[in-house]
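[1] sequence? don't have it. structure:
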């Protein structure tokens, strides 16, 4: 930041784990708001949601504790900056009805800060190493016009492939660390692995049973109803249909 850039302040938060202690954090945010008139950005793990739809679970989140958080931000003039990516930043990684996904991490700012950084973007990132996802904050969009070329993206799923480490080691060893050549060859190997991975992504896996999902469906047709549906047609039913 140069001397001519406007000053603003940043507050990073990590929310209280216990619900009964969360009011302390809300009081601290209000206190920080009253200490300065500078443009203000607050970002981090609030451990709370603004709306019920941000809590994706079979059990609803208590509405009063959501309302207290929302009222705190409104009283400070802090506005949710939104996001791109998956709609949650926490996933307990359990299956079926036990799964809980919540948007606990956010970036909020007052209007004067939003005026300074109108192009701000918040992105929910992904990681295979934690049940919490980091968020990325971009203040200024890239304005340069790069040369048109094929863009290759690193896929996080590659890290789960057991053959990845062997491919990297063999590639570098066979090419004797020839920079440009190794880079191109390594790139091709990753492309091949990615293509092989996604080729059968939506194909049926004979090793996976659908019972875990099917068991979640509520029964709509009773055994008695099923017997009636499977019964032989009577003469009266045939006559009513034809005549």
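    Done, it's in. Note that the structure is a prediction, hence the values are computed from the model and not measured. Numbers count the residues shown, from 1 in each chain.
[2] Give me the most central residue, the protein.
    Taking CA atoms, centre = their mean as the criterion, residue 86 is the residue nearest the geometric centre of the chain, at 3.0 Å.
[3] Then that residue would be within a helix, right?
    No - note on residue 86: no helix contains this position according to DSSP: H, G, I helix; E, B strand; the rest coil, which reports coil.
[4] Over to it: give its phi and psi.
    phi -60, psi 150 (degrees, to the nearest 10).
[5] Identify the bridge partners of the residue nearest to it when sequence neighbours are not counted.
    Distances taken as CB to CB, 6 or more residues apart in numbering place residue 124 nearest to residue 86, at 5.3 Å, with adjacent residues excluded. For every residue, glycine as well, the C-beta is placed using N, CA and C. With beta bridges defined as DSSP bridges, residue 124 has these partners: residue 135.
[6] residues near residue 124, how many?
    Residue 124 has 17 neighbours, counted by other CB atoms under 10 Å.
[7] Beyond the strand or helix carrying residue 22, next helix or strand please.
    Per DSSP states H and E: residue 22 is located in helix 22-33. Using DSSP H and E, the next helix or strand after helix 22-33 towards the C-terminus is strand 40-45.
[8] Measure how far that following strand is from the centre of its chain, please.
    18 Å (CA atoms, centre = their mean, to the nearest Å).
[9] Pairing partners for the helix or strand following it, with directions?
    Per DSSP H and E, strand 40-45 leads on to strand 55-56 as the next helix or strand towards the C-terminus. Strand pairing for strand 55-56, determined by DSSP bridges: strand 101-102 (antiparallel).
[10] mean confidence score for the strand it pairs with?
    Mean per-residue pLDDT for strand 101-102: 94.
[11] Show me the shaky parts of this structure.
    Per-residue confidence for the chain (pLDDT under 70) gives these ranges: 1-3, 140-164, 168, 171-187, 189-190, 197-202, 204-208, 212, 243.
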